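K.L.:
got a predicted model here, sequence first, then my questions.
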Amino acid sequence: MATAAAHRAGTLTHGAADTTGDTDTQQRAFDAAVAADERIEPRDWMPEGYRATLVRQIAQHAHSEIIGMQPEANWITRAPSLRRKAILMAKVQDEAGHGLYLYSAAETLGVSREELLDKLHSGRQKYSSIFNYPTLTWADVGAIGWLVDGAAITNQVPLCRCSYGPYARAMVRICKEESFHQRQGYELLMTLSHGTPEQHAMAQDAVDRWWWPSLMMFGPPDDASQHSAQSMAWKIKRHSNDELRQRFVDICVPQAESLGLTLPDPHLRWNEERGHYDFGPIDWDEFWQVIKGNGPCNEQRLNQRRRAHEEGAWVREAAAAYAAKHGTHPEGGPTDDPTAAVGGSTEGEQA
Amino acid sequence: MTATVPTTAALALGDDALVLSHRLAEWTGHAPVLEEEVALVNIALDLLGQARFLLSMAGDEDELAYLREERAFTNLQLVEQPNGDFAHTIARQLYFSAYQHLLYGQLADGDGPFAPLAIKAVHEVAYHRDHAEQWTLRLGDGTDVSHERMQRACEALWRFTGEMFQPVEGLDVDWAALEATWLDTVGDVLRRATLTLPEGPRRGAWSAGAGRQGLHTEPFGRMLAEMQHLHRSHPGASW
Ligand SMILES: [Fe+2]
Ligand SMILES: [Fe+2]
């Protein structure tokens, strides 16, 4: 918060570790900055709870990006055309890039990527439960793009205005790419829906399986959400879970119609009075079961992640040893900028 | 482009790129560090772009990729070798990208039908080569474990390097010069990485250039089965 409020209070200090300042004054400056919709920056003072909430949320978001690569990577080697293969590879690469931006954003709060990965691998931090469902057919790639990336966008667009600067800026970049993914998924389903009867059935089956888990991506209903109220006061979160879920349903219903596919909910209908679509009850028991680890793929996803990390340990050690010998950055790659490679050569098809 | 498309060469180079791209994409979700998730698939995407361009010179890209049998593919055996550990993947990258960089460099300087592709691709391949070289240095000159793994990988893939220099019909290239430069280049990188240039034969038990004649190694058939099965399960469908 290189902000007027902070300067007025004269408390531009170095974060929560700094205990020399007057906490009341610092708290007032922070509150004023949040109230004025100013951005909190890494070097600003912030309440410990705010920092902890952000670390938890950004970490969970970063973990979701990298675990989320798995269900889609499952189809890269079987993609049915070279064009689709390129689109899918570029998409999964984007998700890895999102993971990189988000771990960097978390680092600005004083936690290393290594530390966060340890917490993911030991089950102390979560990732989005949606990725604990399997991708059983090619159409799942389309359903994930349309519904899962679609739900992610609905969740994340408001985060572009999040009070914490580095997170908000990462989200701006990420949301642009997520909207590509959503359109590509939609277009994939459109092609299948209007293809052979088998392809149409494949698309419908995928939407049937992914619809309800997508609605669960917005989290528990507002009356059961433990962190929501404080996060909204801090302007980390801007809308409630149920508001965002409703927004998503309202967007999807007409899109499903254009796709020529049905959403698996007999209660879906337009409510003139509310100006929204009504929808049926969500199976929250399933939601909590999957969160607890009893989803179809929890173990598989985490095991693959752990195995990749363990099997890569000797590579990371080699890079560190080489860097120590030669005074270079261990994993920076040839250009010293890990994201410099992002972009590839498939213009127009970047996901 | 000249009146006759040099189909043999387009297929040979296109298959190399297609198959190596596929192998690299298999790393997705398994890479040792997040930066490599990005880098490996980035290289795979470059190669897939090249493959699509080259296969399209010879016919329909999807028909060629998905409907040919194993014996009709003319890629080098080197690029179809399974990923192995990260050292094997890097050794394969080093050998192939050094070759491809030199080859595309020559094609880019000429005025043949492959010049337009080569002019663009040579920049991509320069990055691939740099990536492989940096990792060869890190692994070779990193820890004892990584040194040993990298040396073993270089030895294991050495016997697939000879066929890269078999002349390909339709390519106007000085193959002997290419091979000599390649040996110098790779030798220099290995030396700087404190690795030893392998001494074994550079030809497999097959006659030289086997991959280019459609003779492949066993893992390749399984790779194709996975790659082609969905496309083949829905004859005539579009995706
Ligand atoms: Fe993402
Ligand atoms: Fe995405």
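P.N.:
Alright, I've got the coordinates. Ligands and ions are numbered 1, 2, ... in the order given.
K.L.:
what's the burial count for B:His229?
P.N.:
By other C-beta atoms under 10 Å in any protein chain shown, 13 other residues sit near B:His229. Backbone N, C-alpha and C define where each C-beta goes, glycine included.
K.L.:
from what I see, it and A:Arg78 are in contact.
P.N.:
Yes. Here B:His229 lies in contact with A:Arg78, judged by C-beta atoms under 8 Å, at a distance of 6.5 Å.
K.L.:
give me the secondary structure label for B:Val125.
P.N.:
helix (DSSP: H, G, I helix; E, B strand; the rest coil).
K.L.:
distance check, it against ligand 1.
P.N.:
B:Val125 sits at a distance of 29 Å from ligand 1 (criterion: C-beta to the ion, to the nearest Å).
K.L.:
excluding residues flanking it in the chain, which one is nearest A:Asp208?
P.N.:
Distance criterion C-beta to C-beta, 6 or more residues apart in numbering or on different chains; nearest residue to A:Asp208, sequence neighbours excluded, is A:Pro264 at 4.6 Å.
K.L.:
again, but for B:Ala44
P.N.:
B:Leu24 (3.9 Å).
K.L.:
before we move on, what about A:Gly185?
P.N.:
A:Gly145 (1.7 Å).
K.L.:
wait, doesn't the one you found sit right on A:Tyr186?
P.N.:
Yes. Between A:Gly145 and A:Tyr186 there is a contact under C-beta under 8 Å: 6.9 Å.
K.L.:
looking at these two, which one has more neighbours?
P.N.:
Shown here are A:Gly145 and A:Tyr186; by other C-beta under 10 Å, A:Gly145 has more neighbours (26 against 20).
K.L.:
name the SS class of the more buried one, please.
P.N.:
Per three-state DSSP, A:Gly145 ends up helix.
K.L.:
and it, how far is that from ligand 1?
P.N.:
For A:Gly145 relative to ligand 1 (C-beta to the ion), the value is 11 Å.
K.L.:
tell me the contacts of that residue?
P.N.:
A:Lys91, A:His181, A:Gln182, A:Arg183, A:Gln184, A:Gly185, A:Tyr186, A:Leu188 (C-beta atoms under 8 Å, 6 or more residues apart in numbering or on different chains).
K.L.:
can you give me the helices in the stretch 201-350 of chain A?
P.N.:
In the stretch 201-350 of chain A, the helices defined using DSSP state H, counting those that start in this stretch lie at A:228-233, A:241-259, A:284-289, A:298-311, A:313-326.
K.L.:
now the fourth one - C-alpha only, PDB.
P.N.:
Okay, so that is helix A:298-311. C-alpha atoms of helix A:298-311 as PDB (Å, rounded to 0.1, in the frame of the first residue of the first chain):
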ATOM      1  CA  ASN A 298      -7.700 -38.000  -4.400                       C
ATOM      2  CA  GLU A 299      -5.100 -40.600  -3.700                       C
ATOM      3  CA  GLN A 300      -4.100 -41.000  -7.300                       C
ATOM      4  CA  ARG A 301      -3.600 -37.200  -7.800                       C
ATOM      5  CA  LEU A 302      -1.500 -36.800  -4.600                       C
ATOM      6  CA  ASN A 303       0.500 -39.900  -5.300                       C
ATOM      7  CA  GLN A 304       1.500 -38.700  -8.800                       C
ATOM      8  CA  ARG A 305       2.500 -35.300  -7.400                       C
ATOM      9  CA  ARG A 306       4.600 -36.800  -4.600                       C
ATOM     10  CA  ARG A 307       6.200 -39.300  -7.000                       C
ATOM     11  CA  ALA A 308       7.100 -36.600  -9.500                       C
ATOM     12  CA  HIS A 309       8.600 -34.600  -6.700                       C
ATOM     13  CA  GLU A 310      10.500 -37.500  -5.100                       C
ATOM     14  CA  GLU A 311      11.800 -38.800  -8.500                       C
END
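K.L.:
can you mark which positions in it are buried?
P.N.:
Neighbour counts over helix A:298-311 (16 or more other C-beta atoms under 10 Å in any protein chain shown) mark A:Asn298, A:Arg301, A:Leu302, A:Gln304, A:Arg305, A:Ala308, A:His309 as buried.
K.L.:
between the residues you listed, which is nearest B:Thr8?
P.N.:
A:Ala308 (39.5 Å; C-beta to C-beta).
K.L.:
so the closest one is in contact with B:Val33, correct?
P.N.:
No. Contact criterion C-beta under 8 Å: A:Ala308 and B:Val33 do not qualify, at 9.3 Å.
K.L.:
find me the pLDDT at B:Tyr3, would you?
P.N.:
If you look again at residue B:3, you'll see it is Ala, not Tyr. At B:Ala3, the model reports a pLDDT of 43.
K.L.:
within range of ligand 1, give me the residues from the stretch 51-200 of chain A.
P.N.:
A:Glu65, A:Glu95, A:His98 (C-beta under 5 Å from the ion).
K.L.:
low-scoring stretches of the chain, by residue?
P.N.:
In the absence of a named chain, chain A is used. A:1-21, A:331-351 (pLDDT under 70).
K.L.:
correction: the question concerned chain B.
P.N.:
Across chain B (using pLDDT under 70), the flagged ranges come out as B:1-4, B:204-209.
K.L.:
what about the helices in it?
P.N.:
B:7-25, B:34-58, B:61-66, B:77-80, B:86-109, B:115-140, B:144-158, B:175-192, B:218-233 (DSSP state H).
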